[in-house]
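# Using only what follows, build the 3D model:
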Amino acid sequence: MNRRQTLAAIAATTGGAVLSSSSASAHALAKDPPPFAYALNVSTIRGQNLGFQKELEVASKAGFRHVEIWMNSFQDYLKQHSTADVRKLLGDLGLKVENAIGFAQWIVDDETTRTKGVDQLKKEMELLAEIGCKRTAAPPMGATQQPGLDLRKAAERYRTILELGDKTGVVPQLELWGGSKNLNKLSEVMFVAIESGHPSARVLLDIYHLYKGGSSPASLPLVGKPGIEVFHLNDYPTNPPRETIVDADRVYPGDGIGPVRETLKQIKTPGKTIVLSLELFNKSYYAQDALVVAKTGLEKMKKVAEGV
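As a prediction, this is how the structure comes out:
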């Protein structure tokens, strides 16, 4: 081969290698993200009365990289600390706050109460934005005892807080509460979310609450790909029956009779990671060491989700 032929051969070979490398990189980038990430809702260890910082420390030590915090605990911590302190704490512990649990009465019919609730939620969203949290729960707080809430009005009210989300960068997720007299069924929650007419509308669902409210997991695919970002994971025993079961009866996923794996199959979405958050209120767990409870919970979450 003369010099020109040699250089052409080298260029062709090198170009092929570059193309091969680029194709490999593109293939790696195209690979689907994991279907689930695992979070600890600190409700699971709230009975130990650890306080905000220790709750986060337990979550991190147990192996969680994601958490759901409670607003009252967070705000108590802020009485003596800044949001900058919280960001540093989260960074040191390797944790990301995926969602917050609050109870602002944004949905109620009474205008005075509702105005206060919307203002409360706005302030909470602003604090959450400062620590990098992009979501907050929006349950039907204050509208749980009397049935008959006008769902079209509820949709208007949900849109109002979604527009707060546009301003703060924190999306309120419409939460289904199975024991409530309103928004206790998937159909009702989906109607309000869709009727809001807002692209950021999301729903916050739960194994226990779907059961308590009488919604079938078979309907979950109708929620659609964007609708679920965080899903509360738990299980429920045979007794008490659905009519009398309460939050405190929830057990670790896989320890009850709930269709946990079937539900995870229904919500699994190719190309998207859904945050599974362990949310329990079991008094027998509250009597145990918090770290043991958190570690056990993470192990059981991973076991039920394995191979889904």
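# Now do the helices in this structure.
Using DSSP state H, the helices found in the chain span residues 3-30, 52-62, 71-77, 83-93, 111-130, 151-168, 186-195, 207-213, 260-267, 283-286, 290-305.
# Would you mind finding the most buried of the ones you listed?
Greatest average neighbour count among the helices of the chain goes to helix 207-213 (a mean of 24), per mean count of other Cβ atoms under 10 Å. For every residue, glycine as well, the C-beta is placed using N, CA and C.
# so where's the stretch 1-150 of the chain shaky on pLDDT?
Flagging of the stretch 1-150 of the chain using pLDDT under 70 yields the residue ranges 1-30.
# quick one on the thing from earlier: tell me which of the helices of the chain lies nearest to Met141.
Across the helices of the chain, Met141 has its closest neighbour in helix 111-130 (7.6 Å, Cβ to Cβ).
# Tell me the spacing between Gln146 and Ala138.
The gap separating Gln146 from Ala138 is 19 Å, by Cβ to Cβ, to the nearest Å.
# separation between Ala129 and Thr112?
Distance, Ala129 to Thr112, using Cβ to Cβ: 27 Å.
# cool, and Ser60?
41 Å.
# Arg250 too?
Arg250 sits 34 Å away from Thr112, going by Cβ to Cβ.
# likewise Gln146?
Distance of Gln146 to Thr112, given as Cβ to Cβ: 17 Å.
# for Ser187, same thing?
Applying Cβ to Cβ to Ser187 and Thr112 gives a distance of 30 Å.
# Tabulate the helices of the chain in JSON lines, adding columns for distance to Ala39.
Output for those, formatted as JSON lines (distance: least, Cβ to Cβ, whole Å):
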{"stretch": "helix 3-30", "distance to Ala39": "25"}
{"stretch": "helix 52-62", "distance to Ala39": "8"}
{"stretch": "helix 71-77", "distance to Ala39": "15"}
{"stretch": "helix 83-93", "distance to Ala39": "13"}
{"stretch": "helix 111-130", "distance to Ala39": "15"}
{"stretch": "helix 151-168", "distance to Ala39": "20"}
{"stretch": "helix 186-195", "distance to Ala39": "21"}
{"stretch": "helix 207-213", "distance to Ala39": "14"}
{"stretch": "helix 260-267", "distance to Ala39": "14"}
{"stretch": "helix 283-286", "distance to Ala39": "17"}
{"stretch": "helix 290-305", "distance to Ala39": "9"}
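# wait, which of these is closest to Leu276?
Among the helices of the chain, the nearest to Leu276 by Cβ to Cβ is helix 290-305 (6.1 Å).
# Could you export stretch 223-240 as CSV, CA atoms only?
In CSV, the C-alpha atoms belonging to stretch 223-240 read as follows (Å, rounded to 0.1, in the frame of the first residue of the first chain):
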residue,chain,number,x,y,z
VAL,A,223,-54.3,7.0,34.7
GLY,A,224,-51.7,7.3,31.9
LYS,A,225,-48.0,7.7,31.8
PRO,A,226,-47.6,11.2,33.3
GLY,A,227,-50.2,10.8,36.0
ILE,A,228,-48.2,8.9,38.6
GLU,A,229,-44.8,10.1,39.8
VAL,A,230,-45.0,8.9,43.5
PHE,A,231,-46.9,5.9,44.7
HIS,A,232,-47.4,4.9,48.4
LEU,A,233,-46.4,1.3,49.0
ASN,A,234,-47.8,-0.7,51.9
ASP,A,235,-50.1,-3.8,52.4
TYR,A,236,-53.1,-4.8,54.5
PRO,A,237,-54.1,-7.9,56.5
THR,A,238,-57.2,-10.1,56.2
ASN,A,239,-58.6,-8.6,59.3
PRO,A,240,-60.0,-6.0,60.1
